[in-house]
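Novice: Mind looking at a prediction? Sequence and model below.
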Amino acid sequence: MYKPKKSYKNPEFMNSTPARPLRILSEYIEPASRFEELSINNTVVFFGSARTKPEDKNYLDAYELSRELSLFSREIEERCGETFYICTGGGPGIMEAANRGASEAGCKTIGLNISLPFEQFPNKYIDPELNFEFHYFFTRKLWLLYHARAVIVYPGGFGTLDEMFETLTLIQTGKMDREKIFVMLYNRQYWEEIINFEALVKYGKIAKEDLKILNFFDSVEEGLNIAREKLNGFFSR
């Protein structure tokens, strides 16, 4: 006797246009469930180019900063009972560097991958239970920022710029609390060469106050000092 498939077990239906709301919802509910189960409430997120090579100074500095921050996260946990985790988009380049730094410091680390035809594949330093795969960019972005206490941006292209400006817009508009998240940009020369932030103020497109969202740094030591001070302030509340 023929037994029909249940709709949620029918791949043809689940991958169809009518089922798109179910797929979107699953990319919200499943990560939420996993983060709650693993008690992950705070992250430090690294953005940057997937094309950055392991011998590149950007890669090496992202690796070292992530490693140092991961060691610092243990100090926070011992002192406050809470901690933070290094989180990336899960792919190669700067993402790999940050996941690697956290992993080699002996800490759990998160990767939020996106299905793309090239460039994006999970790096080997992500903890298996914290390795996610997304179809939709907007659900991935939601989870990249939902628990973020810091966003650290290394030089990158269109994808990095998209993630950075999304973050800045959410902070500027008050959708994310300025007291609970801060943004750091590595390599002031790079960022000021490709984006004229001062011109945005000059032409009245942003307020002078908005520039205070940006924290530039040019070395691991400088970045670590900024991050430690701001994270200490958050976790001491």
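Specialist: Good, I have the coordinates.

Novice: and the end-to-end length of stretch 91-110?
Specialist: Stretch 91-110 has an end-to-end distance of 11 Å (Cα to Cα, to the nearest Å).

Novice: Now do it, average pLDDT.
Specialist: Confidence over stretch 91-110, taken as the mean pLDDT, stands at 97.

Novice: Just give me how far that stretch sits from the chain centre.
Specialist: Stretch 91-110 sits 12 Å away from the centroid of its parent chain (Cα atoms, centre = their mean, to the nearest Å).

Novice: correct me, but Ile110 touches Asn42?
Specialist: No - between Ile110 and Asn42 there is no contact under Cβ atoms under 8 Å: 11.2 Å. All C-beta spots, glycine's among them, are computed from the backbone N, C-alpha and C.

Novice: List the buried residues for stretch 113-123?
Specialist: 113-114, 120, 122-123 (16 or more other Cβ atoms under 10 Å).

Novice: Show me where this structure has its strands.
Specialist: 43-47, 85-88, 109-114, 131-134, 148-153, 182-186, 214-217 (DSSP state E).

Novice: can the ones you listed go into a markdown table with extra columns for distance to Gly101?
Specialist: Formatted as a markdown table, these follow (distance: least, Cβ to Cβ, whole Å):
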| stretch | distance to Gly101 |
| --- | --- |
| strand 43-47 | 9 |
| strand 85-88 | 7 |
| strand 109-114 | 8 |
| strand 131-134 | 17 |
| strand 148-153 | 11 |
| strand 182-186 | 14 |
| strand 214-217 | 16 |
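
Novice: closest one to Tyr28 among those?
Specialist: strand 131-134 (10.4 Å; Cβ to Cβ).

Novice: Please say which of Ile110 and Asn42 ends up with more neighbours.
Specialist: Ile110 (29 against 19; other Cβ atoms under 10 Å).

Novice: Show me what that one bridges to in the sheet.
Specialist: Cys87 (DSSP bridges).

Novice: which residues touch it?
Specialist: If you count contacts by Cβ atoms under 8 Å, 6 or more residues apart in numbering, Ile110 has them with 40, 43, 85-88, 90, 99, 126-127, 130, 132.

Novice: need the longest helix for this protein.
Specialist: Secondary structure assigned by DSSP state H gives helix 57-80 as the longest helix of the chain.

Novice: Report the buried residues of that one.
Specialist: 58-59, 61-70, 72-73, 76.

Novice: what do you get for stretch 212-230?
Specialist: Going by neighbour count (16+ other Cβ under 10 Å), the buried part of stretch 212-230 is 213-217, 220, 223-224, 226-227, 230.

Novice: Could you list the residues in contact with it?
Specialist: 44, 61, 64-65, 68-69, 72, 150, 152, 168, 171-172, 178, 182-188, 191, 197.

Novice: Can you flag the buried ones in the contacts of Ile110?
Specialist: Here, 16+ other Cβ under 10 Å leaves 40, 43, 85-88, 90, 99, 126-127, 130, 132 buried among the contacts of Ile110.

Novice: Next, format those as JSON lines and append distance to Ala32.
Specialist: Below are these laid out as JSON lines (distance: Cβ to Cβ, whole Å):
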{"residue": "Ile40", "distance to Ala32": "10"}
{"residue": "Thr43", "distance to Ala32": "14"}
{"residue": "Tyr85", "distance to Ala32": "16"}
{"residue": "Ile86", "distance to Ala32": "20"}
{"residue": "Cys87", "distance to Ala32": "15"}
{"residue": "Thr88", "distance to Ala32": "19"}
{"residue": "Gly90", "distance to Ala32": "18"}
{"residue": "Asn99", "distance to Ala32": "21"}
{"residue": "Ile126", "distance to Ala32": "18"}
{"residue": "Asp127", "distance to Ala32": "18"}
{"residue": "Leu130", "distance to Ala32": "14"}
{"residue": "Phe132", "distance to Ala32": "11"}
